[in-house]
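# Sequence first, then the predicted structure:
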Amino acid sequence: KTGFYHIAKSARVSIAMGFLDYQKKICGIGGHFLPSENIKADMKLLREFYDDVVGKFPENQGVVRLSPNSPSSS
């Protein structure tokens, strides 16, 4: 879902990348960024950040991606 992205962009506020890594037993905020005009590049940044984070239930984790049906993906 990209609602968080569009809300942050409309409000002109940054998106903070917080995480809880259960495997490494660490948590934190890995930085923040202002949404740009390129949602694909911004989602790539988020995907790369969260690639190494392992949640409490890794079998339920999904990949950060834009849906092919999303109006934002065109």
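Done, it's in.

# Now do the same contact list for L34.
A8, R12, V13, S14, I15 (C-beta atoms under 8 Å, 6 or more residues apart in numbering). To be clear about C-beta, it is placed using only N, CA and C from the backbone, and glycine gets the same treatment.

# Can you tell me which of those are buried?
The neighbour count (16 or more other C-beta atoms under 10 Å) marks A8, I15 as buried among those.

# export the contacts of L34 to a markdown table and tack on secondary structure?
A markdown table is the format used below for the contacts of L34 (DSSP: H, G, I helix; E, B strand; the rest coil):
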| residue | secondary structure |
| --- | --- |
| A8 | helix |
| R12 | coil |
| V13 | coil |
| S14 | coil |
| I15 | strand |
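
# tell me the two of the contacts of L34 that are most distant?
Using C-beta to C-beta, the contacts of L34 span at most 11.5 Å, a distance reached by R12 and I15.

# Let me know the outermost residue of this protein.
Using C-alpha atoms, centre = their mean, the residue of the chain lying farthest from its centre is K25. It sits 20.1 Å away.

# Quick one, grab the pLDDT at that residue.
Predicted confidence (pLDDT) for K25: 96.

# how about it, phi and psi?
phi 60, psi 50 (degrees, to the nearest 10).

# residue ranges of the strands in this structure, please?
Listed in chain order, the strands of the chain (DSSP state E) span 15-21, 26-33.

# between those strands, which one is nearest to G55?
In terms of C-beta to C-beta, the element of those nearest to G55 is strand 15-21, at 7.0 Å.

# Run me through the strand neighbours of the closest one, direction for each.
In the sheet, strand 15-21 lines up against strand 26-33 (antiparallel) (DSSP bridges).

# Tell me where the model's unsure across the chain.
Scanning the chain with the threshold set as pLDDT under 70 gives 68-74.
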